[in-house]
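**Q** sequence unknown, structure follows:
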């Protein structure tokens with residue numbers, strides 16, 4: 001599996017390097033579609049902007065969808081302050097507590113990209129005696145532009161306006177010991193895994209018994225990514241998203257997580273059982289967990305009225321929606337589970 005693991009990490013880094021806060025995902029989607037086409041697959045960008053890929057397989061009336069998402073957290077300019085700095089509204093579940101002091105890029109509609117830093121108001125600890133006591137929130141945080149501005153008018157002259165997207169630096173790093181650290185591993189790590197699985201199927205000349213699609217959605221972080229464009233004949237869908245790590249859960253960064261239940265309810269019993277059976281037979285390092293505060297694309301697909309079996313797996317990811325961390329072991333276990341289960 002090493003060549004495919006190397007490819008997964010290469011593609012994960014490439015996708016992480018493309019800013020794609022939810023609502024601003026076209027560049028990432030085009031890149032992912034292009035990579036599938038390089039592998040020899042037909043990739044379609046839907047009206048909504050997602051990437052739908054025909055992988056192949058025999059039984060068209062009992063097909064399976066593997067879904068991941070390439071939209072991430074971010075911000076949007078909601079106010080240009082009198083001092084020229086920017087007040088933001090969050091895109092998705094970005095938390096200001098762990099975004100403080102991060103470098104950002106402001107994408108204007110017509111005048112290019114500017115840089116800045118996300119800071120709390122009055123950010124100097126030598127001046128602000130309430131620095132430690134201030135609760136970080138969107139109403140007391142601002143983007144300090146890396147431009148010479150002192151007023152709202154100065155900032156507006158740059159072409160920055162309300163509604164511009166603000167992208168947070170991912171800070172991607174892969175350590176010698178195999179840890180993968182970055183913002184937005186949720187869920188670009190899984191996009192890399194699906195690309196690696198597609199490469200594996202093509203190069204190993206494997207024809208699946210059931211027709212398969214890969215579906216890279218672009219609105220998961222705001223709750224409607226998987227609500228549309230499910231092909232006819234699909235009877236099962238598995239979200240390949242991040243596996244949760246935290247107090248009360250079993251999963252580590254070295255494992256593939258199988259979700260039995262999230263905040264929307266239980267996953268399909270037969271799918272969960274089948275995933276566990278495949279993991280046991282292949283002697284994979286895996287965990288089964290209940291995620292307390294979590295929703296996935298496939299939850300949304302069910303809510304949209306599609307009658308499908310549903311499941312959720314993913315490489316264990318620590319510090320979700322923050323500066324996240326996984327490991328090559330978790331990636332490999334996830335890939336091997338897909339190979340074993342879908343075969």
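**A** Alright, I've got the coordinates. This one's a predicted model, so the numbers in the text were calculated from it and none came from an experiment.
**Q** Next, residue 91: phi, psi?
**A** With angles defined as degrees, to the nearest 10, residue 91 sits at phi -110, psi 110.
**Q** which ones are touching it?
**A** Neighbour list for residue 91: 21-23, 73-76, 165, 221-222 [criterion: CB atoms under 8 Å, 6 or more residues apart in numbering]. Quick note: C-beta positions are derived from backbone N, CA and C, even for glycine.
**Q** Now list the buried members of these.
**A** Using 16 or more other CB atoms under 10 Å as the burial test, these include 21-23, 73-76, 165, 221 as buried.
**Q** Identify those among those residues that sit within strands.
**A** 74-76, 165 (DSSP state E).
**Q** For the residue nearest the centre of the chain, what is the enclosing helix or strand?
**A** In the chain, the centroid-proximal residue (CA atoms, centre = their mean) is residue 187; its distance is 2.1 Å. Under the criterion DSSP states H and E, the helix or strand holding residue 187 is helix 185-203.
**Q** where does the closest residue to residue 92 other than its chain neighbours land on pLDDT?
**A** Among residues not flanking residue 92 along the chain, residue 221 sits closest, at 3.3 Å (CB to CB, 6 or more residues apart in numbering). Here the pLDDT value assigned to residue 221 is 97.
**Q** In contact with residue 221, which residues?
**A** Residues in contact with residue 221, defined by CB under 8 Å, 6+ apart, are 22, 69, 71-73, 91-93.
**Q** can you do 10 Å?
**A** With CB atoms under 10 Å, 6 or more residues apart in numbering as the criterion, the residues that contact residue 221 are 21-23, 25, 69, 71-74, 90-94, 184, 186-187, 321.
**Q** Quick check: phi and psi on residue 272?
**A** Here is the backbone geometry of residue 272 (degrees, to the nearest 10): phi -60, psi -40.
**Q** residues near the closest residue to residue 185 other than its chain neighbours, how many?
**A** By the measure of CB to CB, 6+ apart, the closest residue to residue 185 outside its immediate chain neighbours is residue 324, 4.3 Å from it. Per other CB atoms under 10 Å, the neighbour tally for residue 324 reads 21.
**Q** What of residue 41?
**A** A total of 18 residues lie near residue 41 under the criterion other CB under 10 Å.
**Q** Contact partners for it?
**A** 33, 35, 53-56, 198-199, 201-202, 214.
**Q** wait, the residue nearest to the centre of the chain sits on residue 32?
**A** No. Counting by CB atoms under 10 Å, residue 187 stays clear of residue 32, with 11.8 Å between them.
**Q** tell me, what's touching those two both at once?
**A** In terms of CB under 10 Å, 6+ apart, residue 187 and residue 32 are both contacted by the residues 15, 68, 70, 194, 216.
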